[in-house]
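> Next come a sequence and a model predicted from it.
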Amino acid sequence: MDTLFADSLDSAIATLFGTDVRIVSKRPVYGGDINEAYRLSLSDGSAVFMKCNAPKNLAFFQAEAEGLKALRKTKTIGVPIVLGIGTDKKQKRSFLLMEYLEAAPKIKGYYEIFGRELAALHCADTSAFITSDNSCPFGFTADNYIGATPQSNTPKENWIAFFRNCRLLPQMQMAEKYFDSKMSRQCEKLSAHLDKYLIEPKFPSLIHGDLWSGNAACGPDGKAWIFDPAAYVGHYEAELAMTELFGGYPAAFYRAYNEINPIDSGYPERKMLYNLYHLLNHLNLFGTSYLGAVQQILNRYA
């Protein structure tokens, strides 16, 4: 189903819920990241989650909507329904509307179920999520964003080429201003010899792409739901690595994941190389506080 595109917030609500329904209150909530986020209470008693930003940033929401729809299409894990996007000229804001997730108490085995459902996502068929034929299975139907940074999803014939050309190299080039000559040489060496460290997956996986703990939460069914994606078809190890970058989940999560999609024994040696992408992105977005972490990974692999 195509996503509703509206020329105002009021018209979006009227189209989605009926012409007699209106917004009665707007409350700021956590979860917007680089955007403003609100819980919209409607006159029919329902609620909607809205993210908004400047009109020029509508592309953020278009990309996010496509990622959410792709993840939801697998029917493997909780993903909020995209209701609509648009630009409100009167309010001078672009917006994304989604179902509002009313949190319930976590069910028994929350993290084990989360692990199994994430593994099921990674095992789902990916043919609908790339624009090329099966000769180039890694990429996505469109480019998107990792945070505020553009993320290329040009299809590639193998995973290592995709990770090199669409992930590491663009971030390395943007971060060049922070590097001394040694780090620049290390980046060149590492990018040229990624096949020394990385492996090709047994199958491509649709991944969330930015799955740190802040992009998952308990939903109305007491299970984990995921949102704010930077989705693409890649290697599931890149997703697991991201879950570990800023704290990680309990060991039960990873054990349960492994029951459904066995984790290769060499993954622990590769995970920080995958996370170099995210640390470079943080360096480019937030500055030199992440330079030391980048340097440590470069020293390890290059």
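Done, it's in.

> Which residue ranges of the stretch 151-300 of the chain form helices?
Ranges of helices in the stretch 151-300 of the chain, per DSSP state H, counting those that start in this stretch, are 159-162, 169-174, 181-192, 236-245, 251-260, 267-286, 291-301.

> residue ranges for the strands of the stretch 101-250 of the chain, please.
Secondary structure of the stretch 101-250 of the chain (DSSP state E, counting those that start in this stretch): strands at 144-146, 149-151, 205-207, 216-218, 224-226, 232-234.

> Buried deepest among the ones you listed, which one?
strand 232-234 (a mean of 28; mean count of other C-beta atoms under 10 Å). C-betas here are computed from N, CA, C, even on glycine.

> I'd like the helices of the stretch 151-300 of the chain written out as a markdown table, with mean neighbour count and mean pLDDT added.
Formatted as a markdown table, those follow (neighbours: other C-beta atoms under 10 Å; pLDDT from 0 to 100):
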| stretch | mean neighbour count | mean pLDDT |
| --- | --- | --- |
| helix 159-162 | 20 | 98 |
| helix 169-174 | 18 | 98 |
| helix 181-192 | 15 | 97 |
| helix 236-245 | 22 | 97 |
| helix 251-260 | 16 | 98 |
| helix 267-286 | 19 | 97 |
| helix 291-301 | 16 | 97 |
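
> Just put those helices in CSV and tack on distance to residue 78.
Listed next are these as CSV, based on distance: least, C-beta to C-beta, whole Å:
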stretch, distance to residue 78
helix 159-162, 27
helix 169-174, 30
helix 181-192, 36
helix 236-245, 16
helix 251-260, 15
helix 267-286, 23
helix 291-301, 31
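
> possible to save the strands of the stretch 101-250 of the chain as TSV with mean pLDDT and distance to residue 108?
Formatted as TSV, those follow (pLDDT from 0 to 100; distance: least, C-beta to C-beta, whole Å):
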stretch	mean pLDDT	distance to residue 108
strand 144-146	97	34
strand 149-151	97	37
strand 205-207	98	27
strand 216-218	96	13
strand 224-226	98	13
strand 232-234	98	32
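
> Of the helices of the stretch 151-300 of the chain, give the one that comes closest to residue 26.
Among those, the nearest to residue 26 by C-beta to C-beta is helix 267-286 (28.2 Å).

> mind showing which ranges of the stretch 1-150 of the chain have poor pLDDT?
The model of the stretch 1-150 of the chain has pLDDT under 70 over residues 1, 31-33, 132-133.

> All the helices of it, residue numbers only.
Assigned by DSSP H, counting those that start in this stretch, the helices in the stretch 1-150 of the chain fall at 9-17, 58-73, 110-123.

> Any idea which of the ones you listed gets closest to residue 190?
Closest to residue 190 of these is helix 110-123 (C-beta to C-beta; 25.5 Å).

> Residue 61: neighbouring residues, count only.
Taking other C-beta atoms under 10 Å as the criterion, the count of residues near residue 61 is 23.

> again with the one 3 residues further on
Using other C-beta under 10 Å, the number of residues around residue 64 comes to 23.

> Tell me what the residue nearest to residue 27 when sequence neighbours are not counted is bridged to.
Excluding the flanking residues, the one nearest residue 27 by C-beta to C-beta, 6 or more residues apart in numbering is residue 39, at 4.7 Å. Assessed by DSSP bridges, residue 39 has beta-bridge partners residue 27, residue 49.

> could I get the strands of the stretch 101-250 of the chain as a markdown table with distance to residue 76?
Formatted as a markdown table, those follow (distance: least, C-beta to C-beta, whole Å):
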| stretch | distance to residue 76 |
| --- | --- |
| strand 144-146 | 20 |
| strand 149-151 | 22 |
| strand 205-207 | 9 |
| strand 216-218 | 14 |
| strand 224-226 | 10 |
| strand 232-234 | 14 |
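
> Tell me which of those approaches residue 70 most closely.
For residue 70, the closest of the strands of the stretch 101-250 of the chain is strand 205-207, at 6.3 Å, according to C-beta to C-beta.

> got a list of what residue 106 touches?
By C-beta atoms under 8 Å, 6 or more residues apart in numbering, the contact set of residue 106 is 218, 222-223.

> just residue 284 next, same as before
149, 171, 174-175.
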